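**Q** quick one, structure for this:
(chains A and B)
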Amino acid sequence: MDMERSVACYRQWIAGQESGLAELEAASANAAAGRATDAELRAVVERCMVGYQSYAAARRAELSRDDDGTAFIAPPWCTAFERSVLWLGGCRPTLTIRLLYNLSGEGLEAQVEDFVVNGRRAGGDVTVPRGRMGITPGQLALISDLHCRTLLRENALSDRLATLHEDIADRPLFPIVRQRATAMAQLSATAAAAGHGGFVDGVVARPAGVGGGVDTEVEAALRRYKEGMAQLVAEADELRMATARAMATEILTPRQAVEMLAAAKQLHLSLRDWSRRTEAAGSQPQPDGPRAMMANTTSAAHRNT
Amino acid sequence: MHAPASAPASRQAHAACATPHRTRPAPRARRPRRQISPPRRGVAWRLLSPCASSLFPRFTSPRRLAPAPITNVATPATNHRPRPPSPHASHLHVSTRAATDHPPTDCDRPNHVSLQIDNTRPLTLLAPLTVPASPRDSAHVVGTAPGINKLAAEADCPTRGAPRETAMAEICCEEAKSTPATAVAVAAAAAVAVASSALERRRRRLEMRRFRATDLDASAAEEDLRAGKRQRLARTTSGPCLDAASDFERPPASLPEVRLPRYGVTSVCGRRREMEDAVSIRPDFLPGASSKHHFFGVFDGHGCSHVATMCQDRMHEVVADEHSNAGSCQETAWKGVMERSFARLDQQALGWATSRSGDEPACRCEQQMPSRCDHVGSTAVVAVVNPTHVVVANAGDSRAVLSRGGVPVPLSVDHKPDRPDELARIEAAGGRVIYWDGARVLGVLAMSRAIGDGYLKPFVSSEPEVTVTERTDDDECLILASDGLWDVVTNEMACDVVRACFRSNGPPGPAARTNGVAPADADAEDGSAVVKGVSKADSDKACSDAAMLLAKLALARRSADNVSVVVVDLRRGI
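**A** Reported below is the predicted structural model:
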């Protein structure tokens, strides 16, 4: 796997996320001010979806180049925290739905309070509150349906991932491990009998393998595993896209979709930013206090993007 | 500390090993699963978990599951959009087709198909009506009529050695009332009665399905469009012989008036990763009774969804059966009716694994070895509403609340293991209540009554508590909901919200549509709907608003569970 290219691909994606967020926030402000038409908002949403799509496609191209999905499962270019929340190389598809549940509830409490109290006073001349985002009953039903469908597919992928994990302790890898270990034991026994040590610093000297590499049999076994992983990442990407697209283009109105996508990007970029800061703070203690640390890590973050 | 992830292998073993921990109950909104379930990371059941197909959307085609002849309303492409205006008349394009699995015979061919408009005016046909030669053929008709409000179609068909069958379908086109000049984007259903052995058991009933062809509400139409232009299907089932001619000529007034209740329902998966709630609404579920009785049920499953789904499918039938067996119309009879119904459902739940037919999909709990089928249960809160009374039967921690004169009146009391009388009952039976992430029967189940849960019998009982409440003029609404709502919304708040929705929607509309349509047929429903018995289109706007708002409020308040809410308008007139 060409790490450089993958890192470049990721950086481009993050840059796209940042510019996309700015565009979405501008569109959202315009919509709030009544300056944006649905068509314009729809175009913004579509550009955002295309952004996701092209990142997924670029990743898939990387994956197919050498079928190594493992780098995307735990990308070294992400922070440890980011890696810990990844599911098959990205967000869980159901994250979109949880996000929506939370967005749909924003501002609802205050509106309901107002609705119940003022509605009584005003003699019923108050419309039924729908939260700041205005999710309708029909939309809520569709979101719940999408949720259930996505859960099933997500669980199916999770199960396949579990199977793949368990396959590590099975053919073709495990027999090779056993076979090598036996060979090694025999070798060291022979060496011991011959009177010179088969161990160097407690590590078994490898009979085959030059320069730390492994032979073709092992490589082939690892490749099979990686291919399986690449396939899963590709399918996970598809599910993420399908869920986001169904939500943004079929269920939500363009204005709602803009808000949802902006919130998703905010969430992603904030998590990334914060985890980078804490990681940087953890690795380099800052005697100068939080301000210097903040300045340092922010500039570091900028350099990295 | 014992890992709470594994369910006990046996009652004794578990009771022995579980030390009672008195832990502070978790914050209500974040309350974890109420049952310590078996490990869920198993591969087998998740790969193909058809039980979870019950999670699937309500909009899937019923054709897949319903063996009944389906009259496909071949609507014009503009299902939800008005067609271009026509200067003088509305054109109708009707196409029907029967979907059957058996080869067509002569007996299947209808010998009479009639169409009526507004039950009085015959349709002016622009082309002769073609009667299908076989159920696989289509009947086409093109007609014209001004200001169509309603179109009814009937097909009359001889059957082998059985009384003739009449199938009927009817469609309401309400938009025509307001804009008669606008051509109606409507397709109506005709029906082809089909003799099929699979239908024998249904022949006792004459049932028709009513549906709306179009929805005037622009926003609803818009939503529908976004929902992927769901096909609306008309379904008919056949009934006993009716004289087609006299039926045809029968004045509309003689059609039985069915007063449907005003209700609204919302059921969402929410923050749980399984959908185990099920809702059943069966208007006029006791056709033989002297007055209208409507059935509402909320079932919140645990362990798996199959017990909840079973209650959803069968509870109303069992209650109807027990009611007819009771032979008494006294309100006092209801307690026994409900107790016997719950006991029967409980028996069916216990025997579920052995009794069910092989063609039903296997559940996720079934695919575990050893089978966990007896580790599955469901709460049940059932309300029967008739003109004078509200009967509520409850087992578990779902709840029914009546709003009367602005005051919430709980019609059920949650069965929690730490409720003093329940605690005493459990301990008298030799069980224990262990505080382990809240009070739990044997440290496992966070409710003291439920349908199913064979492994916790007799400590977890299926016997319902029944209340019979006389309706008054002050009654406003009845709310049935799963604990996903009640965990985060108080009775007072729920009633306030519903009343506010009622106020905002103005005075109630007509109690029901008055056409001769019996309640929806459960068997013809999609087998995996979250809400069964009725279609969304039949619900009342104020009640739907209220149910939706309550569900959204529960989600906004971080309810961690599935949320199901049914709101029934009890203001006089239902």
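**Q** so which residues of the stretch 201-305 of chain A form strands?
**A** A:203-204 (DSSP state E, counting those that start in this stretch).
**Q** distance check, A:L152 against A:L146.
**A** 11 Å (Cβ to Cβ, to the nearest Å). C-beta here means a position set from N, CA and C on the backbone, and glycine is covered the same way.
**Q** between those two, which one's more packed in?
**A** A:L146 (23 against 17; other Cβ atoms under 10 Å in any protein chain shown).
**Q** so who does the more buried one touch?
**A** A:97, A:243, A:246-247, A:251 (Cβ atoms under 8 Å, 6 or more residues apart in numbering or on different chains).
**Q** confirm it sits in a strand?
**A** No - with DSSP: H, G, I helix; E, B strand; the rest coil as the criterion, A:L146 is located in helix rather than a strand.
**Q** OK, contacts around the closest residue to chain A within the stretch 451-574 of chain B?
**A** Residue nearest to chain A within the stretch 451-574 of chain B (Cβ to the nearest Cβ): B:A556, separated by 2.7 Å. By Cβ under 8 Å, 6+ apart, B:A556 lies in contact with A:104-106, A:108-109, A:131.
**Q** so which of these are also by chain B?
**A** Here is what survives when these are matched to chain B using Cβ under 8 Å from any Cβ of the partner chain: A:104-106, A:108-109, A:131.
**Q** most neighbours of all those residues, which one?
**A** A:S104 (24 neighbours).
**Q** how far off centre is whatever helix or strand A:A162 lives in?
**A** According to DSSP states H and E, A:A162 maps onto helix A:137-167. The chain centre lies 15 Å from the centre of helix A:137-167; the measure is Cα atoms, centre = their mean, to the nearest Å.
**Q** list the buried ones in that helix?
**A** A:137-161 (16 or more other Cβ atoms under 10 Å in any protein chain shown).
**Q** now do the next helix or strand after it against helix A:137-167, angle only.
**A** Under the assignment DSSP H and E, the closest C-terminal helix or strand after helix A:137-167 is helix A:173-194. In terms of direction (axes from the mean of the first three to the mean of the last three Cα atoms, to 10 degrees), helix A:173-194 departs from helix A:137-167 by 30 degrees.
**Q** which other helices and strands contact helix A:173-194?
**A** On a contact count with 3 or more Cβ pairs under 8 Å, 6 or more residues apart in numbering or on different chains; DSSP states H and E, helix A:173-194 meets helix A:216-245.
**Q** report whether the helix it packs on contacts chain B.
**A** No - counting by Cβ under 8 Å from any Cβ, chain B has no neighbours in helix A:216-245; the shortest distance is 12.7 Å.
**Q** which other helices and strands does that helix contact?
**A** Against helix A:216-245 (3+ Cβ pairs under 8 Å, 6+ apart) you get helix A:38-66, helix A:70-73, helix A:94-105, helix A:137-167, helix A:173-194.
**Q** let's see that with 7 Å instead.
**A** For helix A:216-245, the elements it packs on are helix A:38-66, helix A:70-73, helix A:137-167, helix A:173-194, judged by 3 or more Cβ pairs under 7 Å, 6 or more residues apart in numbering or on different chains; DSSP states H and E.
**Q** buried ones in the next helix or strand after the second one?
**A** Sequence order places helix A:80-85 as the next helix or strand after helix A:70-73, per DSSP H and E. By neighbour count on 16+ other Cβ under 10 Å, the buried set for helix A:80-85 is A:E82.
**Q** list the helices and strands helix A:80-85 packs on?
**A** With contacts taken as 3+ Cβ pairs under 7 Å, 6+ apart, helix A:80-85 sits against helix A:254-283.
**Q** other SSEs contacting the helix it packs on?
**A** By 3+ Cβ pairs under 7 Å, 6+ apart, helix A:254-283 packs against helix A:3-32, helix A:38-66, helix A:80-85, helix A:94-105, helix A:290-304.
**Q** so of these, which one's packed in deepest?
**A** helix A:94-105 (a mean of 20; mean count of other Cβ atoms under 10 Å in any protein chain shown).
**Q** what does that helix contact?
**A** The contact list for helix A:94-105 (Cβ atoms under 7 Å, 6 or more residues apart in numbering or on different chains) reads A:131, A:133, A:135, A:143, A:146-147, A:150-151, A:154, A:243-244, A:247, A:259-260, A:263-264, B:270-271, B:552, B:555-556.
**Q** now do stretch A:237-252
**A** With contact meaning Cβ under 7 Å, 6+ apart, stretch A:237-252 is reached by A:45, A:49, A:52-53, A:56, A:59-60, A:90-91, A:93, A:96, A:100, A:139, A:142-143, A:146, A:150, A:153-154, A:157, A:257, A:260-261, B:226, B:228.
**Q** what about the single nearest residue of the stretch 201-305 of chain A relative to chain B, neighbour count?
**A** Residue of the stretch 201-305 of chain A nearest chain B, by Cβ to the nearest Cβ: A:E250 (5.6 Å). By other Cβ under 10 Å, 14 other residues sit near A:E250.
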